[in-house]
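Participant: sequence and predicted model, in that order:
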Amino acid sequence: MDSTAFTDALIRERRTKRAFFLDRPVPQDTVQQILSVARFAPSSSNTQPWRTYVVSGAARERITTAAVDAFRAGPDRLAHEYPFFPDPLHAPYAERFTAFRGQLGDAQGVHRSDKAGRMRDVERQFLFFDAPVGLIFTMCKRLEWASFICYGCFLQNVMLAARARGLDTCPQQIWSLQSAVLRPALGIPDDQMVVAGMSLGYADNSRPENNMQLRKLALDEFATFVDA
């Protein structure tokens, strides 16, 4: 396979996975390789805003337990570092969001009216979906929107580098709600905001939620070519 075909296949094969094998560890040197190559992401004027905390073993257990406890304690224990979506979310994004949530719920066997089931689904996010490695990403609070664009490039590099090594990932904005847990547990400085988390490991592809086929926009739905 030539480099073009390999790269195209790698991008297409990357999928967000929501169930992993906890008993299949990821060697630390593999995580180091992933981050070492991901750091070559582009950033505005080479500012490189990313900072990463890698949690596994006992540290992962402590953090996930504390995060689930905080979630169960109620919304007062959670706080947005930044808004996820406008309120209300508008067309066409609201329709895409609703379609995705319905498809995911069907795959998991959790109906939208099943509040307890939806709560369990959120708790699984705070367990890194049983992935043996969790990544927490932070950024200086004083940086502006351009740095979020740079961060997206870095996160995509992490996910592609993981896939190239036979690993899977789930990027998770929801971890940005857990700064009260993460800051003391990881020693995150006060001038840093939690941007996101990421589950990293070997996906359990027997699970229906790991085999969803999501509709992606066709080229003519998002690209405009202007040549005159």
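Facilitator: That came through fine.
Participant: return the list of helices and strands in contact with the worst-scoring helix or strand of the chain on mean pLDDT.
Facilitator: For the chain, the helix or strand with the lowest mean confidence is helix 115-125, at a mean of 90 (criterion: mean pLDDT, DSSP states H and E). On a contact count with 3 or more Cβ pairs under 8 Å, 6 or more residues apart in numbering; DSSP states H and E, helix 115-125 meets helix 57-73, helix 93-108. C-beta here means a position set from N, CA and C on the backbone, and glycine is covered the same way.
Participant: mean pLDDT and mean neighbour count added to these, as a markdown table?
Facilitator: Compiled in a markdown table, the helices and strands packed on helix 115-125 are given as follows (pLDDT from 0 to 100; neighbours: other Cβ atoms under 10 Å):
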| stretch | mean pLDDT | mean neighbour count |
| --- | --- | --- |
| helix 57-73 | 98 | 16 |
| helix 93-108 | 95 | 14 |
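Participant: could the ones you listed go into CSV alongside distance to residue 1?
Facilitator: Formatted as CSV, the helices and strands packed on helix 115-125 follow (distance: least, Cβ to Cβ, whole Å):
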stretch, distance to residue 1
helix 57-73, 35
helix 93-108, 31
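Participant: quick check: the residue lying closest to residue 99 once chain neighbours are set aside vs residue 139, distance?
Facilitator: Counting by Cβ to Cβ, 6 or more residues apart in numbering, residue 99 lies nearest to residue 215, which is 7.8 Å off, once chain neighbours are set aside. With the distance defined as Cβ to Cβ, to the nearest Å, residue 215 ends up 31 Å from residue 139.
Participant: those two: who's more crowded?
Facilitator: More neighbours surround residue 139 than the other of residue 215 and residue 139, with 21 against 9 (other Cβ atoms under 10 Å).
Participant: correct me, but the more buried one touches residue 147?
Facilitator: Yes - counting by Cβ atoms under 8 Å, residue 139 does reach residue 147; the two are 6.1 Å apart.
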